[in-house]
Structures are given as structure tokens and as C-alpha cells.
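Undergrad: with the sequence up front, the predicted model follows.
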Amino acid sequence: MTDFTPQPPAAGCRNAPVLKERGQREVFCGLTGIIWLHRKMQDAFFLVVGSRTCAHLLQSAAGVMIFAEPRFGTAILEEKDLAGLADANAELDREVDRLLSRRPDIKQLFLVGSCPSEVIKLDLHRAAERLTERHAPHVRVMNYSGSGIETTFTEGEDACLATMVPTLPDTEERQLLLAGALPDVVEDQAVSLLSAMGIEPIRCLPAHRAAETPGVGANTVVALTQPFLNETAALLERRGAKILSAPFPFGEEGTTAWLWTIAQEFGVPAETFAKVTDAPRARARKAIAAAKETLDGKSIFFFPDSQLEIPLARFLTRECGMKAVEVGAPFINKQIVGPDLDLLAEGPVISEGQDVDLQLDRCHAARPDLTVCGLGLANPLEADGLSTKWAIELVFTPVHLYEQAGDLAGLFARPLRRRDILSDLEGAA
Amino acid sequence: MKLTVWTYEGPPHVGAMRVATGMKGLHYVLHAPQGDTYADLLFTMIERRNHRPPVSYTTFQARDLGADTANLFKTALHDAHERFKPQAMIVGSSCTAELIQDDPEGMAATMDLGIPIIPLELPSYQRKENFGTDETFFQIVKRLAGPMDRTAHVSANLIGPTGLGFRHRDDIVEVTALLEEMGISVNVVAPMGATPQDITQMGQAHFNVLMYPEHAEAAARWMERNLGQPYTKTVPIGVGATRDFIKEVAQIAGVEPKADDSRLRMPWYSKSVDSTYLTGKRVFLFGDATHVKCMARMARDEMGFEVVGLGCYNREFARDIRALAKDYGVEALITDDYLEVEKTIEDLAPEMILGTQMERHIGKRLGIPCAVISAPVHVQDFPARYSPVMGWEGANVIFDTLVHPLVMGLEEHLLHMFREDFEFHDEAGASHHGGAAKLRDMDAPAPEPQTAQPVAAQAPAEGDIVWLTDAEKELKKIPFFVRGKAKRNTEKFALEKGVHEISVETLYEAKAHYAR
């Protein structure tokens, strides 16, 4: 056994026609990424410059208010800020001063652009430069846009990481850079598996703290951990880094293919690779098998949400026996999800963008066993008799790599199991 | 510019959504970018609604800005009319659309769809959610309602309940019952449950019951002036207020103030000796003005608490709340700044907070019990059971609500007697709240080996299981709320396999074994 590359189907979806739609989109904007990014980067603060709507979105998307004073906030634009931009800049400087004096633990401050700040053309890039000078060397101020007119949900994380890339120090060191904000437990597992193969050093973007920020250069090899880092990947490439092309590490097969691509790049012998991965691979297969009993033969329909849809459809069809009816993604970059599309057998409708009413019509006509969708659609679809999986849970739960493969399958199996258990209950909805 | 961590109110277009979602047969076309659709989840998740809110978002993007966002709006309006066939539509802008000045209101006026189209002007950078509900309902009523012959039988409209309201669903039932006991029938309940067609019939009622001034005061005043319908000023929350409400209604309607209060248990519960320990408890109130006003009276006159401070987040009612505070001899706090509320509570150090979900979090942090009495709402504020705050049953419900977060009488005495008991201390909270104490246990594994060791020494050797350092570290990475289960499962698995040392491998072997 010397090759761990997965077997592609007779015909994959890379060249399948893509149904492109535009209309009403039932998705979050890029600001939502702040909910997990502010926990990942422990000395960073995310200051949205926006409206009351932005603040309300963050609060609603966070669902419960876990933290008395989180490391994010909104500088709400008021009537007078709209009248004169000079004043708006002065106001922003004042709010940042107050914030940083109250939170001396903050080392990185992100000014996050919103729909209103983009429309009034408030130049947050210049504001960030100005504020960096003012608060150097203690705090680095950066900016990116999480606005809904430019970014969809996970594109916010992409924009955040992309804005960091030009600021990363140069390094000529041969290193592996894992790009994408992973839950700590997953990140540690990735580092431990790859270290056991003899790959080092391994760095992560984003780092937990500003002081651990990785460098980048011509000898940097980047493995993307998330399929939505289009801009980040392009900018890292421009810094000379090599971006590996691989299926994403969801499920046993995806994880193996992802690790194997890295291993080949670093010249890891197949025996070593087998020695490190044999046990966890067997565990992952075993754990997936438990959920597969529920999922096998069931149909699934993806509404566009996080850009995880294509890799997940690949996992659920190949490893859990599901049948994909439609795989919708807000945005499809074949350079990045191409390897997953190659492995996804032809058949499902691949759709990009959204006209939610038309897509709901298709979903109702198909009556899939399971529909993956956002929180605004889930209960209405359930009330119509369709089982749903909320998509947002997929970005708020550790789902990557071997040890989480069973959990990932379980997230999809649970709504179906629940439906079976509760099948005889009736009442008002 | 104002730095905000948490907000008490959303933007005004969310208020308009609350009116639209409460109603039937009305559709809202909102000129807005993608992302603003987040507001749908407030209704489908928090309120568990089984339908999407009747809102179409134009979803313009950056690349549309130079081009033709106005046309996007027209198409969306047209498509929504075709697809949903509403009896009437409301149209307006979210905060971003307000800036690009497409004038959807003006555009809608030029489109003849054969149904009433009601334009809304909701200034996003000045006003907030409650202004949005009040203004939207007012515009709908103004456009659709008109003078009519009164019903032969004395009747009233119930106005103010909306989607996402604090207990509105059940308050309607309770107030309807109060009126029926006096022989008054309900003409229209609006916005909640009403169609645009129903709104046109509002003029038939003899008077209006203004249930929530926050959401329907403008409409109530307009109907008083233009339809000749007086409206009630008392909000029936609490025993005293409910009795006052009955008197007020009887006077307006010219009927006998009849009331069947046989279901009312609250006054006796408050008088019974078990409640003695409530006497003089220092409470702080914060929420929307109406609920704070009613709850302050209940707290002082019906529960026997001492009100040490009060305030509201909706500035529209600042004057009322300042006057109320004067009555109670305390300072009014009028603010929508969460941190300011927290600071005030910290300084006043009350024994209990009657507040919103925000204050519940403040209370958690400061270790002060909190009962939720007002919006903004949380999924917990939509209980499956019948649970109004108005009328007789409302008074019963509030009694329970206010007593529940407190430590019970005797338990409180024991806390004072034996302060440093390791499992029965101030921070452990009331024993009938299970959760809190357990959370601490799982989060603080340090004492476990110490308490486990003596047991293990006496127990048979086979029960002896050691966690290797790496595995223990790995275990701590598991979220605290499932950590206990992971630990138990791993140990059970290890026992079954005859493994005495738990490594990271064992942990994950066990995880795979129990995978579901």
C-alpha cells in the first residue's frame, strides 16, 4: 500500500454545469465570522464600524450572550457621522482610544467594514494606518470588510485572514502553514498527526496570539483547512508560498487525502504515513459506520451557506451512502474545491448563488430526506414535513479530521433519528 | 458614533418586521443587502414560528451600487406580489438602503399592483425597533381603517401585540377573557393575527384596549381623533392594575365592572407565611417602560419588595419613567448602554433584578438572581405552556417568576448559618436550580482526584483507573458541558477493555466506540 489517493468516480462534478442564480439570498453576511474569530484570536478585538443592524446581527447570530463583555463591539454610526466624514474619523479615533485604554490586553484591533461604512466610503484602511501609528508598538490596527454587499458568511474569515497576509513577516524557512481558524482540539490533532510524520515546523494562521504570528515566504507550503479561503490563498501565493491542492479534511477519506497530499510534498514515506494514520483511520471508519446506518440511501439537499457544501457532499455521498439532490454554494472556486468536485459523482444539481424562493420550490419538489439550510428556513421546512440540519452548526462544531469524522456524520444523522423517534407526535405548530 | 456591545433594540425595520410577521396577508418588501435576512431567524428560531416571515429582501450587492438598485427593488416588489398574493404590502429601506436614497417609497407609489402599498419611513440612524413597530402599525391603520358604524354589541379592538413580543401570545387570551366577563366582545386584535382586511374593520369597535403603548400608541391616538374611539391608559399587569383596568374599561364602555377572579391565587400566595422572607428584598428594575412601570407597582405593593432603582431603554418613554422614579424615591436610569446598566446594578447591589435577558447575564456575572420581565426576548421567553403576564393568570405567573430565582426561605437561613460549606455556599445558587453547581464541578476537576483517591484505596483494585497527563489535557479541550460524559464513557470503556491507564488513544477509542 503506497498510494493513499482516493479513487475518483467514473465521472465527477468538476465539469458539471453550474446553475447560477441571483435573487434574494437567505445567508449571513461576513460579519458573522467575528463570532468564532474573536474566540480564536485571544488578544484581538473586532470593532465593526456600522449600524444598529450590524450590532443586532452579531447579537442574534451569537444566539446566546455567553460573555459579559466579548472581544467584539459595534461603533454605531449616527446621523452626524453621515453628515461629515471628517467627524466620523475623529469619532472613530475617540472610540478606539477609549476601547484600548479599557482593554490593555488587546494587541490586534480589526476595524471591520460594514454595508453602511462601505456605502458612505469611510476609508477604514487609512483609519487603520493612522491608528496603528498612534497606538504602536502596543497594538496593530488592521481592517477588512465583512459587509453584506461584498461578503457572504465565511467570506468574512477569508477577508480577515487576507488582510493579515501582507503584514506577515518574511521567512525563508521551509515550513508548513495551516490556514484557517480551526477549533483548538482540531488544530492540535492536525499538528500532532503531521509532526508524527516528521513534518516541522508547522505554523497556523490565524495564531492564538499576535506574538505567535507566522512568517511566510518562498519555502512556505500552505495547506488550507477551510474551503472558503479564496482571497487568503491568492495573497499567500503572491508572497511566494505554495498552495497545496487537495480534498478538504472531512471524513476519513478526505482527511487521508488531505494529509497524504501534505505528506507527499514533504517526502514522507508511505510506511511512515500508514504507521501514523492506520489507527485513527480505522477509528474514523468505525465511528462513521455508526451514523451510516441512519444515513445510507437517504437524499440530501444543500442550501448555500458556508462554502463547506461541496466537500461535505463529497463526504456524505462517498462515506455515508447519501444521495445528493442539489449542492448549493454561495460561491464556487474550482481551484480550491476542484479536488472535492472530482470525487463527487455526477448527478446532483450544482448551484451557485441563490434565489431563495426558486430554490425552495426545487426543494419542495424534490422532498429530500434531509435539507441543510440556514436558521431562517429550518423551522418553516420542518413544519412542511422536511427534516433539516442547520448549516451554522457545521462552522461552530469541531468537524475536521479523523477523530471528529463520526461527529460530523452524527450531525446529519441526528435529525433523521429524532424524526423516527418522534414520528407519532402531533399537535399545533 | 457610539460603541455598543449588546443592544436592547434592533433597528427600526426589525420593528416593521415584527408587525408584518404578526399579521397575516401582509407582505413587506425591504430594500436591503444580503445579510439583513438574519432577522428571519429571530422569528423562526426565537419564537419558533413555522413560517418564514413575510419579507422579501432586494439583496443588492456592491456591484449593483453604481448600476440599478432601483430596478432591483421594482422587480422584488413585483415578484413578491405575484408569488405571495398579499392583501396589502408595506415597503421601506434598511439602514444601508436609506443611504443609497433609491426612494422605494416613491417608486412603490408609481407602481399600480391593485392593492394598497404602504410606504414606511423609518430613520435607521436615529430611531430603533420600538419606534419601528409603533410607526408601522400607525401607517397601516391610517391607510386602511376608517370611520364605520359601531357594532350593535359593545366591542373593543386589542391593539399592540406583535411578533416577537414578550408574552403577547398569551396576554391576548387573558385580556380577551377579562373583556368577555364584562360582556364586551373583541372586534379586531392587531397587529397580531390581523389581516389588512381586518384592519379595515377596526372602526366598528366602540373603543381600543392599548395593550402595549410601545407598539400602538400612535395608532391609538390617531383612532381616537379620527374614528372617535377612546383607548385605555391602564395596562393590566399585576392585581391592582388589573382591577384598575376593569374599572377603566367599565367606565369607557358603560358596563358593570364585573370580574371573575376565582382563578387569582397571587394575593394569597403573597400573604401566606411562606412568603415572609420576600419582605423588603431590594430589587432593581430595568426593561421597556411599560413592563417596568407595571412591575414596579407589583414589586412594591403586591410582593412587598423594596424598589432600589429602576429604568428603561426606550427613550420615548423617558418622561414617564422619570416621574415614576420620583414616586418611588429613586433615580431613573434611562439608557440603552448595557455597560451603564451593569455599572448601576453593581453600585446598587440589589438582592434581585427584574430585567431583560441582558440583566439576566449581568446578574449571572454579579451573582444576583434575575427574573425576566420584558423584551428583548430569548427563546426561553416563549414557553410552551400558557404563561401571560396580564390579567389574573398573569399575576399568578409573575408571582412564580419572581420567587423562582430566589433562594427559598429556610435554605437562605442555612446559607447564613454555615457559610463555608464546600458544596452549599453562596455561589452554588439555589438547590432547585440543579445546573449551576454541576457546571462548576465539571469545570474544576482539581478536587476530583483527592476525593476519588480515598474511595479508590478502599475499593477493589479493578476500579483503579489512571488518566495519563496527555489524556487529561486532551479531556480538558472537550467543551465543559460534554466533558463529564466523555470522562464517564472513557472510563467505562477502559474498564470493559481491562485498560488501567487512559491515554489519548484510549480516549478516542472510546469516543469512536460510543459514536452515534
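TA: Now that the structure is in, tell me what you want to look at. Numbering: from 1, shown residues only, chains lettered A, B, ... in the order given.
Undergrad: C-alpha from now on. contacts and neighbour counts both.
TA: OK.
Undergrad: what pLDDT does residue 146 get?
TA: Chain wasn't specified; assuming chain A. You'll see A:Gly146 listed with a pLDDT of 96.
Undergrad: hm, I was asking about chain B
TA: 97.
Undergrad: again, but for B:Tyr8
TA: With respect to pLDDT, B:Tyr8 scores 94.
Undergrad: same question for the one 5 residues further on.
TA: The predicted local distance difference test score for B:His13 is 98.
Undergrad: for stretch A:333-353, buried residues please.
TA: For stretch A:333-353, burial by neighbour count (16 or more other C-alpha atoms under 10 Å in any protein chain shown) applies to A:336-346, A:348-353.
Undergrad: export it as CSV, just CAs?
TA: The C-alpha coordinates for stretch A:333-353 follow below in CSV (Å, rounded to 0.1, in the frame of the first residue of the first chain):
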residue,chain,number,x,y,z
ASN,A,333,-13.8,28.5,-6.7
LYS,A,334,-12.9,25.4,-8.7
GLN,A,335,-9.2,25.9,-8.0
ILE,A,336,-9.9,25.3,-4.3
VAL,A,337,-12.8,22.8,-4.3
GLY,A,338,-11.8,21.2,-7.6
PRO,A,339,-10.4,18.0,-5.9
ASP,A,340,-13.6,17.6,-4.0
LEU,A,341,-15.7,18.1,-7.1
ASP,A,342,-13.6,15.4,-8.9
LEU,A,343,-14.5,12.9,-6.2
LEU,A,344,-18.2,13.9,-6.1
ALA,A,345,-20.0,11.6,-8.5
GLU,A,346,-22.0,13.3,-11.2
GLY,A,347,-25.8,13.6,-10.7
PRO,A,348,-26.6,16.4,-8.2
VAL,A,349,-27.5,19.9,-9.4
ILE,A,350,-24.5,22.1,-8.5
SER,A,351,-25.8,25.6,-7.9
GLU,A,352,-24.0,28.9,-7.1
GLY,A,353,-25.6,32.0,-5.6
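Undergrad: now it: mean pLDDT?
TA: Mean per-residue pLDDT for stretch A:333-353: 97.
Undergrad: surely B:Gly22 meets B:Gly193?
TA: Yes: the criterion here is C-alpha atoms under 8 Å, and B:Gly22 meets it with B:Gly193 at 5.9 Å.
Undergrad: more crowded one of those two?
TA: Set side by side, B:Gly22 and B:Gly193 show more neighbours around B:Gly22, with 24 against 19, by other C-alpha atoms under 10 Å in any protein chain shown.
Undergrad: ranges for the helices of the stretch 151-300 of chain A?
TA: Counting by DSSP state H, counting those that start in this stretch, the stretch 151-300 of chain A has helices at residues A:155-164, A:184-196, A:230-238, A:251-265, A:270-295.
Undergrad: figure out which of these is closest to chain B.
TA: The closest of the helices of the stretch 151-300 of chain A to chain B is helix A:270-295. By C-alpha to the nearest C-alpha, the value is 4.7 Å.
Undergrad: show me what that closest one is packed against.
TA: Helix A:270-295 sits against helix A:184-196, helix A:251-265, helix A:401-421, helix B:504-513, with contacts defined as 3 or more C-alpha pairs under 8 Å, 6 or more residues apart in numbering or on different chains; DSSP states H and E.
Undergrad: how about 10 Å then?
TA: Packing contacts for helix A:270-295, counted by 3 or more C-alpha pairs under 10 Å, 6 or more residues apart in numbering or on different chains; DSSP states H and E, involve helix A:184-196, helix A:251-265, helix A:309-319, helix A:401-421, helix B:504-513.
Undergrad: pick the most deeply packed of those.
TA: For the helices and strands packed on helix A:270-295, the largest average neighbour count (mean count of other C-alpha atoms under 10 Å in any protein chain shown) is found in helix A:309-319, namely a mean of 24.
Undergrad: now it: how far from the chain's centre is it?
TA: Here helix A:309-319 is found 16 Å from its chain centre; the criterion is C-alpha atoms, centre = their mean, to the nearest Å.
Undergrad: mind listing the helices for the stretch 51-200 of chain B?
TA: Going by DSSP H, counting those that start in this stretch, the stretch 51-200 of chain B shows helices at B:62-65, B:69-84, B:95-100, B:104-110, B:129-144, B:168-181, B:196-200.
Undergrad: hang on, the earlier thing: would a markdown table of the helices of the stretch 151-300 of chain A with distance to A:Thr388 and mean pLDDT be doable?
TA: Converted to a markdown table, these look like this (distance: least, C-alpha to C-alpha, whole Å; pLDDT from 0 to 100):
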| stretch | distance to A:Thr388 | mean pLDDT |
| --- | --- | --- |
| helix A:155-164 | 24 | 97 |
| helix A:184-196 | 26 | 96 |
| helix A:230-238 | 28 | 98 |
| helix A:251-265 | 20 | 98 |
| helix A:270-295 | 13 | 97 |
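Undergrad: tell me which helix or strand in chain A has the weakest average pLDDT.
TA: Sorting the helices and strands of chain A by mean pLDDT, DSSP states H and E puts helix A:79-83 at the bottom, at a mean of 83.
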